[in-house]
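Chemist: coords please:
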Amino acid sequence: MPEGDTVFRAATKLREALAGKTLTRCDVRVPKFATVDLTGCVVDEVISRGKHLFIRAGDASIHSHLKMDGAWLVGGQIRRVQPHKIRIILETEDSRAAGIDLGVLEILKRDHDMDVVAHLGPDLLGDDWEPRIARDNLVADPQRPLAESLLDQRVMAGVGNVYANELCFVTGYLPTTPVGDVKDPLRMVQRARDMLWLNRSRVNRTTTGDTRGGRDLWVYGRVGRPCRRCGTHIQSDTSGDRVSYWCPNCQT
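Modeler: I've put the predicted structure just below:
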């Protein structure tokens with residue numbers, strides 16, 4: 001599933017293509033909203049909130065969530081997409097954007113569009129980021145497994161499974177460690193912020209500092225391969241809703 005940094009980049013790309021321009025075409029291919037036509041409206045802003053994205057035009061707000069397979073494409077990229085995958089097309093005189101396989105696509109009243117994300121914790125890439133609130137949210141249930149807590153968007157918005165596993169590694173905790181055993185939860189949420197912030201403009205995400213293929217992550221997706229720090233083989237657990245990865249030597 002795309003994580004907060006991916007959605008942040010998508011919002012930036014759409015902002016550059018659409019913001020301040022008048023829509024000359026609005027084709028919504030979701031039955032419930034198929035009659036909505038924002039043609040003639042100016043796109044005022046494009047914003048991300050955790051893993052959610054909003055395109056505000058006129059008195060409406062186009063709300064989307066990528067879920068597992070979704071994407072927003074701009075310009076020539078759209079020509080390579082099979083038409084049945086397109087959920088919405090937005091065009092101006094000199095730009096074109098399309099939402100592909102979006103897990104959520106709805107048209108909301110602009111004045112109340114933030115109601116759908118009111119449950120989220122502080123946005124790791126947003127203006128509302130407040131590490132102490134995120135810390136308090138993280139430790140609210142001391143017995144909850146760390147990785148599960150990191151993935152809870154009500155704790156802080158933007159962490160997905162890649163970052164949850166990588167955060168557990170760089171801080172030396174197993175994904176199953178109870179949150180109450182984390183010695184410095186404030187440092188934990190600050191590291192989460194640092195990881196996403198440093199990757200917000202990168203296509204090639206990295207948590208190791210090396211963007212080269214195969215060297216960009218510490219443990220995620222590396223089951224059976226040697227730990228980059230100690231050489232111990234990385235282990236994984238696929239029994240839950242999300243796959244966990246860890247080094248049995250570096251994480252305790």
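Chemist: List the contacts of Arg29.
Modeler: By CB atoms under 8 Å, 6 or more residues apart in numbering, the residues touching Arg29 are Ile86, Arg87, Ile88, Ile89. Quick note: C-beta positions are derived from backbone N, CA and C, even for glycine.
Chemist: I'd like those as TSV, with distance to Val7, pLDDT and neighbour count appended.
Modeler: Putting those into TSV (distance: CB to CB, whole Å; pLDDT from 0 to 100; neighbours: other CB atoms under 10 Å) gives the following:
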residue	distance to Val7	pLDDT	neighbour count
Ile86	19	97	17
Arg87	16	97	20
Ile88	16	98	22
Ile89	20	98	16
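Chemist: Out of these, flag the one nearest to Arg110.
Modeler: Ranked by distance to Arg110 (CB to CB), the contacts of Arg29 are led by Ile88 at 16.5 Å.
Chemist: Excluding chain neighbours, what is closest to the closest one?
Modeler: Gly99 (4.4 Å; CB to CB, 6 or more residues apart in numbering).
Chemist: Relative to Thr238, how far out is Glu148?
Modeler: When distance is defined by CB to CB, to the nearest Å, Glu148 is 15 Å away from Thr238.
Chemist: do the same with Glu93
Modeler: To Thr238, Glu93 is 49 Å away according to CB to CB.
Chemist: What are the contacting residues of whichever strand or helix holds Phe8?
Modeler: Secondary structure from DSSP states H and E places Phe8 in helix 4-18. Under the contact criterion CB under 8 Å, 6+ apart, helix 4-18 has outside partners 2, 43, 45-48, 50-53, 55, 66, 71-72, 74-75, 90, 92, 95-97, 123-125, 157-160, 196, 199-203, 205.
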